[in-house]
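[1] Task: produce atomic coordinates for the following.
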Amino acid sequence: MTDEIFPNGWDQPLKQIATAHQWQDLIALKQAADQYYCDYGDLLTPSRTNLYRALELTAFTEVKVVLLGQDPYPSGDKATGLAFSVGQTTHWRRDSLAAIADLLASDGYGELTSGDLSPWAQQGVLLLNLRLTHRNTAAGHTKTVDRTLNWPLLTRLMIRALNERTAPVAFILWGKDAITMEKYIHASQHLLVRASHPSQMSRRRTLFKGKVSAFDRSQSFQQVNAWLQHMDQPLIDWTGSMAK
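    Numbering: from 1, shown residues only. Purely as a prediction, here's the structure:
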């Protein structure tokens, strides 16, 4: 039996979709990430223990929805290894999470009472950042994008593996970076929901000359649950306040 590379049953679908060379690159990526945390752990978010948390909480076979983020929060008390999610903190309603909470309310799901989105992950929502690490400088200034590790190799292969899956998946792509991944999602059984990013700068703007809805008007959560209902799948309880 070979050693596990990525947790919770992700190795097999990744190995099936990857070329032999890409699989060796994934092994090298895992090793490089381990060394990266040895060298720069104090500057990196999330913590080493949370690096693969999105995969740990949502197995390949359990994915019903994929929600793509960009990269982790630069602040260690916010970065949890889950896209858009923060830890159990009182002052969570700001920036993207504020927009997400507002959209949930306008979509009719009540009030989001916590910035910890791990209950979504436990229902089959893969909260995946396109890049799994964020690196701060020693002076405390943040870098916008950490390109040290080839995380896009992993995340692209994850999306391609899910696209090849017979069981349908709803893909939520918020913002230009996430929307670039739609070229890997073409199987007819899946749902694509696209909108601008929920950041304060983008939430009210359309993208691509109006072809992609502004986040605030996207009804993303309504679209996903309506599709799940049509597919005779359990709905996602987005806030814990949905009628049972």
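[2] Just the element for residue 224, please.
    helix 220-230 (DSSP states H and E).
[3] by contact count, what packs against that helix?
    The contact analysis (3 or more CB pairs under 8 Å, 6 or more residues apart in numbering; DSSP states H and E) places helix 220-230 against helix 95-106, strand 170-174, strand 191-195. Backbone N, C-alpha and C define where each C-beta goes, glycine included.
[4] same thing but 10 Å
    On a contact count with 3 or more CB pairs under 10 Å, 6 or more residues apart in numbering; DSSP states H and E, helix 220-230 meets strand 65-69, helix 95-106, strand 170-174, strand 191-195.
[5] Pull out the buried residues from the third one.
    What it means is strand 170-174. Buried residues in strand 170-174, defined by neighbour count with 16 or more other CB atoms under 10 Å: 170-174.
[6] Relative to it, what are the paired strands and their orientations?
    Looking at strand 170-174 with DSSP bridges, its partner strands are strand 65-69 (parallel), strand 191-195 (parallel).
[7] so residue 36 touches residue 135, yeah?
    Yes: contact criterion CB atoms under 10 Å: residue 36 and residue 135 qualify, at 8.5 Å.
[8] that older thread, mind checking the helices and strands packed on helix 220-230 for the one nearest to residue 123?
    Nearest to residue 123, of all the helices and strands packed on helix 220-230, is strand 65-69, at 8.3 Å by CB to CB.
[9] Pull the residues that contact the longest helix along the chain.
    If you go by DSSP state H, the chain has its longest helix at helix 20-40. Contacts to helix 20-40, defined as CB atoms under 10 Å, 6 or more residues apart in numbering, come from residues 3-6, 11, 14-19, 43-44, 47-49, 51-52, 132-133, 135-136, 138, 146, 148-151, 153-154, 156-157.
[10] repeat that with 6 Å
    5, 15, 48, 149-150, 153 (CB atoms under 6 Å, 6 or more residues apart in numbering).
[11] how far does that helix sit from the chain's center?
    Its chain's C-alpha centre and that of helix 20-40 lie 20 Å apart, by CA atoms, centre = their mean, to the nearest Å.
[12] can you pull the buried residues of that helix?
    Residues of helix 20-40 classed as buried: 22-23, 25-26, 29-30, 33, 36-37 (neighbour count, 16+ other CB under 10 Å).
[13] Convert the C-alpha atoms of it to CSV, please.
    What follows is helix 20-40, C-alpha atoms only, in CSV (Å, rounded to 0.1, in the frame of the first residue of the first chain):
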residue,chain,number,x,y,z
ALA,A,20,2.4,10.2,-15.1
HIS,A,21,4.5,13.4,-15.2
GLN,A,22,1.8,15.5,-13.5
TRP,A,23,1.4,12.9,-10.7
GLN,A,24,5.1,13.0,-10.1
ASP,A,25,4.8,16.8,-10.0
LEU,A,26,2.1,16.6,-7.4
ILE,A,27,4.3,14.4,-5.2
ALA,A,28,7.0,17.0,-5.6
LEU,A,29,4.6,19.8,-4.8
LYS,A,30,3.6,18.0,-1.6
GLN,A,31,7.3,17.7,-0.6
ALA,A,32,8.0,21.3,-1.5
ALA,A,33,5.1,22.5,0.6
ASP,A,34,6.5,20.6,3.6
GLN,A,35,9.9,22.2,3.1
TYR,A,36,8.2,25.6,2.6
TYR,A,37,6.6,25.4,6.0
CYS,A,38,9.9,24.4,7.6
ASP,A,39,11.6,27.4,6.0
TYR,A,40,8.8,30.1,6.3
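[14] And the average pLDDT for that helix is what?
    Across helix 20-40, the average pLDDT comes to 97.
[15] Can you name the element that comes right after that helix?
    Counting by DSSP H and E, what follows helix 20-40 is strand 44-45.
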